[in-house]
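Participant: Model the following, please.
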Amino acid sequence: RVLFRSDLDVSSLNNIRGMHYSDKLGLLYVVSGTSFYDVTEAGVVTSRGTVPGGDGVIMADNGTEVGIANGSNYYVWDTSSSTFATVADSASGLLRVRDIVYLDGRFILMEDNERLYMTDVQDAQTVTSTNFTDVVANPDDLVGIAVANRRIYCFGTSSFDVYFNSAQAAAAGRFPIIRVDGAAKNG
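Facilitator: Numbers count the residues shown, from 1 in each chain. Alright, predicted model coming up:
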């Protein structure tokens, strides 16, 4: 695990907006101020890109790419090509991603209009306008998502709903992230 040693220069990490440790990459990723960094176990801090704004960020990784949601946009750091990019939907333009999780080789993105998008398999940078589902079982606003036991939990202000990745739906040509019947909870 990455440990902050006493001799680590953290002067560039004074306004931390979010952190994510990647087991597969063995690196700690940090957004501090508007800068995106990786931190090695030896304490070497390297700037990798810029994430505008001042609010918190959420990150996830697939072992090669790190997806970053800042509430306004969606960014990807690709370790194999050393590129940092803002990612857009192939048809509608920039995505307003508020939360991000990783499941079954894909990033699941929560857009601020209660929509879940899904990236292509092992490709965090490919998001198409047909790869989505709306989370509408409950009337409250969607505020976050989490993955546990291969289920996607969609949390509202006073409710939650549960989705899963269906191989049968994918084989039938439908969006594979579908709702678990009877799992929604109000209040």
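Participant: Correct me if wrong: residue 31 contacts residue 38.
Facilitator: No: assessed by CB atoms under 8 Å, residue 31 is found out of contact with residue 38, at 10.9 Å. In short, each C-beta sits where N, CA and C put it, glycine included.
Participant: Neighbour count: these two, which is higher?
Facilitator: residue 31 (27 against 20; other CB atoms under 10 Å).
Participant: and the more buried one, what element?
Facilitator: strand 27-32 (DSSP states H and E).
Participant: partners of that strand in the sheet?
Facilitator: Paired neighbours of strand 27-32 in the sheet (DSSP bridges): strand 16-22 (antiparallel), strand 35-39 (antiparallel).
Participant: Keeping just the C-alphas, turn it into PDB.
Facilitator: Written as PDB, here are the backbone C-alpha positions of strand 27-32 (Å, rounded to 0.1, in the frame of the first residue of the first chain):
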ATOM      1  CA  LEU A  27      -0.400   3.900  -7.200                       C
ATOM      2  CA  LEU A  28      -2.400   6.400  -5.200                       C
ATOM      3  CA  TYR A  29      -4.200   8.900  -7.400                       C
ATOM      4  CA  VAL A  30      -5.000  12.400  -6.000                       C
ATOM      5  CA  VAL A  31      -6.800  15.400  -7.200                       C
ATOM      6  CA  SER A  32      -5.600  18.400  -5.300                       C
END
